[in-house]
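*Asks:* turn this into a model:
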Amino acid sequence: MSLKKHYDVAIIGGGIGGIMTAYRLVESNPQMKVLIMEKGHAIRQRHCPIVTGKVEKCIKCSSCAIMEGMAGAGAFSDGKYVISTEYGGWLTEFLEPQTVIHYIEQADEVLVKFGATTDRFMPNDDLKRLCLQHDLHMSQAQLKHLGTDSNFDTMRKLIEYLEDKVDIAVDTEATDVNKDTKEIHLIHKGEKDVITADKIIFAVGRVGSRFFSDWCEKNNIPLKNNQVDIGVRVELPAMVWDHFSKKIYEPKIWYRSKQYGDTTRMFCFNERGHVVTENTGGVLTVNGHSYRDQARKTENSNFALLSTIRFTEPFKKPIEYARYVASLANLICGGGVMVQRLGDLEIGRRSDESRIRKSTTRPTLHAVAGDLSLCMPKRQLDNIIETLHALDKIAPGTANYDTLLYGIECKYYSARPKCTEFQLDDCPGLYAIGDGAGFTRSLSQAAANGMYVADKILGK
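*Replies:* Numbering: from 1, shown residues only. The predicted model follows:
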């Protein structure tokens with residue numbers, strides 16, 4: 001596909017935020033010339049060699065099929081769609097809660113149109129009460145579990161619907177944007193090019209957060225650092241958490257440690273799922289997937305357990321800090337990710353291949369057996385161990401000797417730019433949305449953010 005020299009709206013990033021922006025624009029104004037630029041591959045060409053069984057370990061593809069490509073990192077996520085303002089982002093700092101829910105519901109209607117389930121898990125006060133009895137705090141939401149497979153298929157159908165309504169340029173990297181001339185410098189399938197657009201939207205996602213932050217700093221747009229979460233992916237027998245997952249699907253629980261007073265949170269629960277590797281700019285981290293297809297389910301469930309850090313002056317690079325911790329784990333593992341039994345960690349010895357083979361919890365990811373204490377800061381590791389024992393009180397078996405801990409898992413949120421109604425300050429016609437701009441951290445709020453900005457552009 002050859003690019004036009006000028007567009008009404010150019011969207012940098014093909015994740016759910018950018019896709020929903022484009023969808024709303026062309027549904028409301030079919031004559032509008034809209035471009036989606038995506039650094040990664042087309043959705044039908046996104047094939048991770050680990051997932052397809054070609055290799056056991058990450059081989060660091062030039063474009064990580066898990067993290068990059070049309071539909072963004074969310075394409076291979078567990079497909080949890082959160083219908084709540086209790087968590088999933090910070091849009092309520094900019095919009096009224098009822099407005100956020102309104103757009104979340106509208107985005108859900110679009111996903112259902114392309115095949116997403118209508119089933120919802122509802123809040124459960126009995127489980128919330130159980131948590132409170134042990135000084136654990138559970139966030140509540142209506143929740144839809146699309147499943148990694150069904151979510152991918154839904155996004156594929158939505159993208160195919162858009163293909164003859166907007167220009168979609170994959171394998172296309174925006175390298176710079178001139179905020180005055182609205183020129184976008186890009187590399188399209190290996191060739192340099194320059195286009196212009198009346199409106200430009202940064203919808204870069206987590207993978208593009210460094211690019212966006214660097215661009216803001218270069219253009220003197222003030223940034224506010226957000227939190228960074230560092231921790232592990234926990235894997236254990238699925239039945240340990242069945243009493244939660246069968247009722248609400250995702251137990252999203254936070255705990256304040258007694259030792260430091262820090263917050264550690266359990267989230268991104270994957271019932272009978274798989275632990276997976278992610279490659280973000282050459283740094284390998286872990287995540288989790290879960291499928292709706294019964295044949296692809298495992299005997300284990302997994303979840304993220306991350307300790308939250310908010311840095312103060314003069315430190316201003318929390319994303320680099322998280323990447324450093326993760327890269328240290330990669331270094332120790334010879335370029336891979338690590339797994340350790342909780343019991344080994346607590347008695348101060350590394351797990352080795354022999355000990356992992358003896359584990360009653362069989363790992364779903366081929367990771368390097370090692371010692372998390374050699375790469376994770378003590379404070380965060382103490383928080384994680386304390387929280388696992390707190391969770392064990394509501395789900396006995398969580399803190400078993402053979403509970404597996406994979407590292408490192410990071411969730412870092414881009415520094416948030418100074419803006420008004422998501423339009424960057426002193427940059428008329430330039431907008432930022434979604435996880436990459438530090439406004440959201442979920443499929444639902446990223447989708448809502450995109451639709452809201454589309455309506456602003458349309459003058460609604």
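*Asks:* how many other residues sit next to residue 113?
*Replies:* 13 (other Cβ atoms under 10 Å). For every residue, glycine as well, the C-beta is placed using N, CA and C.
*Asks:* domain assignment for this protein?
*Replies:* Partitioning the chain according to automatic domain parsing yields domains covering residues 6-121+142-224+414-458, 228-412.
*Asks:* show me the shaky parts of this structure.
*Replies:* Low-confidence segments of the chain, defined by pLDDT under 70, span residues 226, 413-414.
*Asks:* what's downstream of the longest strand seen in it, the next helix or strand?
*Replies:* Assignment by DSSP state E gives strand 191-202 as the longest strand of the chain. Where DSSP states H and E defines the elements, the next helix or strand beyond strand 191-202 is helix 209-218.
*Asks:* distance between that following helix and the chain's centre?
*Replies:* 19 Å (Cα atoms, centre = their mean, to the nearest Å).
*Asks:* so what touches the helix or strand following it?
*Replies:* Remark: after helix 209-218, the chain's next helix or strand is strand 223-224, criterion DSSP H and E. The set of residues external to strand 223-224 that reach it, using Cβ atoms under 8 Å, 6 or more residues apart in numbering, is 213, 216, 217, 415, 416, 417, 418, 438.
*Asks:* again, 7 Å this time
*Replies:* Under the contact criterion Cβ atoms under 7 Å, 6 or more residues apart in numbering, strand 223-224 has outside partners 213, 216, 217, 415, 416, 417.
*Asks:* need the max-distance pair from the residues you listed.
*Replies:* Using Cβ to Cβ, the contacts of strand 223-224 span at most 13.1 Å, a distance reached by 217 and 416.
*Asks:* higher neighbour count, the two?
*Replies:* residue 416 (19 against 13).
*Asks:* enumerate every residue touching the more buried one.
*Replies:* Shown here is residue 416, whose contacts under the criterion Cβ under 7 Å, 6+ apart are 223, 224, 226, 437, 438, 439.
*Asks:* excluding its backbone neighbours, what's nearest it?
*Replies:* In space, residue 416 comes closest to residue 438 once its chain neighbours are excluded; the distance is 3.5 Å by Cβ to Cβ, 6 or more residues apart in numbering.
*Asks:* just confirm that neighbour contacts residue 418, I think it does.
*Replies:* No - the pair residue 438 / residue 418 is not scored as a contact, 11.2 Å apart, by Cβ atoms under 7 Å.
*Asks:* need the overlap of contacts for those two.
*Replies:* Joint contacts of residue 438 and residue 418 (Cβ under 7 Å, 6+ apart) do not exist.
*Asks:* look at the two and report which has more neighbours.
*Replies:* Looking at residue 438 and residue 418 with other Cβ under 10 Å, you find the greater number of neighbours at residue 438, namely 24 against 13.
*Asks:* just to revisit the earlier point, which helices and strands does the longest strand of the chain pack with?
*Replies:* With contacts defined as 3 or more Cβ pairs under 7 Å, 6 or more residues apart in numbering; DSSP states H and E, the packing partners of strand 191-202 are strand 6-12, strand 183-188, strand 430-432.
*Asks:* let's have these in TSV, adding distance to residue 174.
*Replies:* Converted to TSV, the helices and strands packed on strand 191-202 look like this (distance: least, Cβ to Cβ, whole Å):
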stretch	distance to residue 174
strand 6-12	5
strand 183-188	5
strand 430-432	12
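*Asks:* to residue 456, which of these lies closest?
*Replies:* With Cβ to Cβ, the closest approach to residue 456 among the helices and strands packed on strand 191-202 belongs to strand 430-432: 7.8 Å.
*Asks:* packing partners of the closest one?
*Replies:* Judged by 3+ Cβ pairs under 7 Å, 6+ apart, strand 430-432 is in contact with strand 191-202, strand 423-424.
*Asks:* quick one: it to chain centroid distance?
*Replies:* When distances are taken as Cα atoms, centre = their mean, strand 430-432 is centred 20 Å away from the chain's centroid.
*Asks:* pull out the buried positions in the helix or strand following it.
*Replies:* Proceeding C-terminally, strand 430-432 gives way to helix 443-458 as the next helix or strand, assigned by DSSP H and E. Residues of helix 443-458 classed as buried by neighbour count (16 or more other Cβ atoms under 10 Å): 443-455, 457.
*Asks:* going along the chain, name the helices of this protein.
*Replies:* With DSSP state H, the ranges of helices along the chain come out as 16-28, 97-113, 125-132, 148-162, 209-218, 242-248, 318-332, 342-347, 353-358, 378-391, 443-458.
*Asks:* okay, those in JSON lines with distance to residue 364 next?
*Replies:* Below are the helices of the chain laid out as JSON lines (distance: least, Cβ to Cβ, whole Å):
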{"stretch": "helix 16-28", "distance to residue 364": "26"}
{"stretch": "helix 97-113", "distance to residue 364": "27"}
{"stretch": "helix 125-132", "distance to residue 364": "26"}
{"stretch": "helix 148-162", "distance to residue 364": "13"}
{"stretch": "helix 209-218", "distance to residue 364": "28"}
{"stretch": "helix 242-248", "distance to residue 364": "16"}
{"stretch": "helix 318-332", "distance to residue 364": "19"}
{"stretch": "helix 342-347", "distance to residue 364": "16"}
{"stretch": "helix 353-358", "distance to residue 364": "12"}
{"stretch": "helix 378-391", "distance to residue 364": "19"}
{"stretch": "helix 443-458", "distance to residue 364": "23"}
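*Asks:* so for residue 278, which of these sits nearest?
*Replies:* Of the helices of the chain, the one closest to residue 278 (Cβ to Cβ) turns out to be helix 318-332, at 9.8 Å.
*Asks:* now the contacts of strand 223-224 as CSV including distance to residue 69?
*Replies:* Written out in CSV, the entries for the contacts of strand 223-224 read as follows (distance: Cβ to Cβ, whole Å):
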residue, distance to residue 69
213, 22
216, 24
217, 27
415, 24
416, 25
417, 25
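*Asks:* alright, calling it a day.
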